[in-house]
Each structure stands twice: as C-alpha cells, then as structure tokens.
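> Need a 3D model of the sequence below.
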Amino acid sequence: MEITGFPPGSNSGKAGVMVGDILLSINHTPVCTIDDLKIDLLFKKKGDKVDVRILRKGFWGSQKEMDFEVTLQ
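Sure thing, here's the model as predicted:
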C-alpha cells in the first residue's frame, strides 16, 4: 500500500516515513489494503507505539526495507 500523504504535523512523517514509501506491515502484521490497516489499528489508542515496516525505492531501481517506531496521535 503506497503512502500518498500525511496530515499536517503527522507523527509518521516526524518518524521518517515518507510519501511514496510502500507500507509493508504494522507490528509485524502484513498490510496489503486499507482494510488491513484499519484492522491493525482498531484496538490501538492515542499514545500507543507501533512498529512500521516500509519499502523505500531509491535511485536506479534500488529498494530498501526500513523500520520505524511511530507514536499514534
């Protein structure tokens, strides 16, 4: 699932996640659709921390998986 934007002041952006990154998982649970994302966050509350894994595309077709810890707002 490609990340297309963030609300102003988003903690995801502050943590290092960027527009264009591909969301792979949250707390080690794969995310393929928006419904997967909603289910993963259903029982989380403001202030909870989640581990986010993304795929970032680089120059010349290179790709790198990266992990971030994001505090939910």
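
> Checking the residue in the chain sticking out farthest from the centre next. Helix, strand or coil?
Counting by C-alpha atoms, centre = their mean, the extreme residue of the chain relative to its mean C-alpha position is W60, 23.2 Å from that point. Classification of W60 into helix, strand or coil gives helix, according to DSSP: H, G, I helix; E, B strand; the rest coil.

> residue boundaries of the strands in the protein?
Secondary structure of the chain (DSSP state E): strands located at 22-26, 29-30, 49-57, 63-71.

> will you turn the ones you listed into JSON lines that also has mean pLDDT, mean neighbour count and distance to G9?
Any C-beta I mention is one placed from the backbone N, CA and C, and that applies to glycine too. Formatted as JSON lines, these follow (pLDDT from 0 to 100; neighbours: other C-beta atoms under 10 Å; distance: least, C-beta to C-beta, whole Å):
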{"stretch": "strand 22-26", "mean pLDDT": "96", "mean neighbour count": "18", "distance to G9": "19"}
{"stretch": "strand 29-30", "mean pLDDT": "94", "mean neighbour count": "12", "distance to G9": "26"}
{"stretch": "strand 49-57", "mean pLDDT": "96", "mean neighbour count": "16", "distance to G9": "17"}
{"stretch": "strand 63-71", "mean pLDDT": "96", "mean neighbour count": "13", "distance to G9": "12"}
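
> Make a markdown table out of those and add distance to I3.
As requested, the strands of the chain are arranged in a markdown table below (distance: least, C-beta to C-beta, whole Å):
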| stretch | distance to I3 |
| --- | --- |
| strand 22-26 | 6 |
| strand 29-30 | 16 |
| strand 49-57 | 7 |
| strand 63-71 | 11 |
